[in-house]
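Participant: just the structure for this:
(chains A and B)
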Amino acid sequence: MLFRTLADPTRRALFERLCREGEQTVGALTAQSGVSQPAVSKHLGVLRQAGLVRDRHEGRQTHYSAQLGALAPLIDWTSQMAGFWQSRFDHLEDLLKRMDQ
Amino acid sequence: MSEPATETLSVIVEREIAYAPEKIWRALTQPHLIAEWLMNNDFQPVMDHRFNLRGDWGAVDCQVTAVEPNKTLAYTWAAMGLESVVTWTLTPTSTGTHLRMEQSGFRPDQQQAYQGAKFGWRKFFAGIERVVGGLS
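Facilitator: Numbering: from 1, shown residues only, chains lettered A, B, ... in the order given. Here you go, the predicted model:
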């Protein structure tokens, strides 16, 4: 999910700006993004669904900020792999039960 | 490993299994059995043999680095920007086998990415770009 969300270069650039520069309005993000405001809003929506950004409404403006905690799985691969191996051990034990002696 | 221990992360899964090491060894080393619990593969229990594990999300590039029948099996595991080594250790017990899996590694690029997260965003995103680059 995280990988897929950040695989899009435009989306990654938006997220990177929020990380570097802190909270931004949609308008400010659009001005430097080279794509239309609806496109920026759509990308921000995907980032928000992935938990990578948070939105805050103030008057007519929506401000977005990066949620760095969401990146933890990218930095620590061990938590993902631990779950993977636990389930594979389960499959392995099931297989051993089925195997001929 | 030439890298200092502080740059290495590990995942360890251990389990007591009620079967002899010989039987578990077969499940760990015969391709049609590996396919049943791990992934489709072209594994061979031969030193330096290169093989792939193929899941629906992509492939893992591997190479055998240790084979000691019924005792130890190790192979490199490279996928999604992660370079690691998976080591299986089988120890006979009175009731069967103590099976241990350790996956260790911390790709230097990921280490840079991690440091980048703390000290500078440019390196950090270069790291992410490498990781996601493999997906597109």
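
Participant: surely A:Leu92 is in contact with B:Leu33?
Facilitator: No - A:Leu92 is not in contact with B:Leu33 according to Cβ atoms under 8 Å; the separation is 9.2 Å. Where you see a C-beta, it was placed from the backbone N, CA and C, and this is true even at glycine.

Participant: who has more neighbours out of these two?
Facilitator: Ranked by neighbour count (other Cβ atoms under 10 Å in any protein chain shown), A:Leu92 and B:Leu33 place A:Leu92 first, with 23 against 18.

Participant: just the element for the more buried one, please.
Facilitator: In this assignment (DSSP states H and E), A:Leu92 forms part of helix A:77-98.

Participant: contacts for that helix, please.
Facilitator: With contact meaning Cβ atoms under 8 Å, 6 or more residues apart in numbering or on different chains, helix A:77-98 is reached by A:72-73, B:9-11, B:13, B:15, B:17, B:19, B:23-24, B:27, B:33, B:36-38, B:82, B:99, B:101, B:103, B:110.

Participant: buried sites along it?
Facilitator: Using 16 or more other Cβ atoms under 10 Å in any protein chain shown as the test for burial, helix A:77-98 gives A:77-78, A:81, A:85, A:89, A:92-93, A:95-96.

Participant: can you tell me which of the contacts of helix A:77-98 are buried?
Facilitator: Here, 16+ other Cβ under 10 Å leaves B:9, B:11, B:13, B:17, B:19, B:23-24, B:27, B:33, B:36-38, B:82, B:99, B:101, B:103, B:110 buried among the contacts of helix A:77-98.

Participant: okay, residue 52: pLDDT?
Facilitator: Going with chain A. pLDDT for A:Leu52: 90.

Participant: not what I meant, chain B
Facilitator: 95.

Participant: so when I look at it, I'm seeing a strand, right?
Facilitator: Yes - under DSSP: H, G, I helix; E, B strand; the rest coil, B:Asn52 sits within a strand.

Participant: verify the stated contact: it with B:Asn41.
Facilitator: Yes - contact criterion Cβ under 8 Å: B:Asn52 and B:Asn41 qualify, at 6.6 Å.

Participant: and the contacts of stretch B:27-39?
Facilitator: By Cβ under 8 Å, 6+ apart, the residues outside stretch B:27-39 that reach it are A:88, A:91-92, A:94-96, A:99, B:26, B:41-45, B:53-55, B:60, B:73, B:88.

Participant: again, but for stretch A:57-71
Facilitator: The set of residues that contact stretch A:57-71 without belonging to it, under Cβ under 8 Å, 6+ apart, is A:2, A:15, A:18-19, A:22-27, A:29, A:44, A:47-48, A:50-56, B:117.

Participant: mind checking which of the residues you listed are in helices?
Facilitator: Among the contacts of stretch A:57-71, the members falling in helices (DSSP state H) are A:2, A:15, A:18-19, A:26-27, A:29, A:44, A:47-48, B:117.

Participant: so which of the buried ones among the contacts of helix A:77-98 sit within helices?
Facilitator: Counting by DSSP H, those place B:23-24, B:27, B:33, B:36-37, B:110 in helices.

Participant: B:Ala78 and chain A, how far apart?
Facilitator: With distances taken as Cβ to the nearest Cβ, to the nearest Å, B:Ala78 is found 12 Å from chain A.

Participant: what sits against that residue?
Facilitator: Contacts here follow Cβ under 8 Å, 6+ apart; on that basis B:Ala78 touches B:60-62, B:84.
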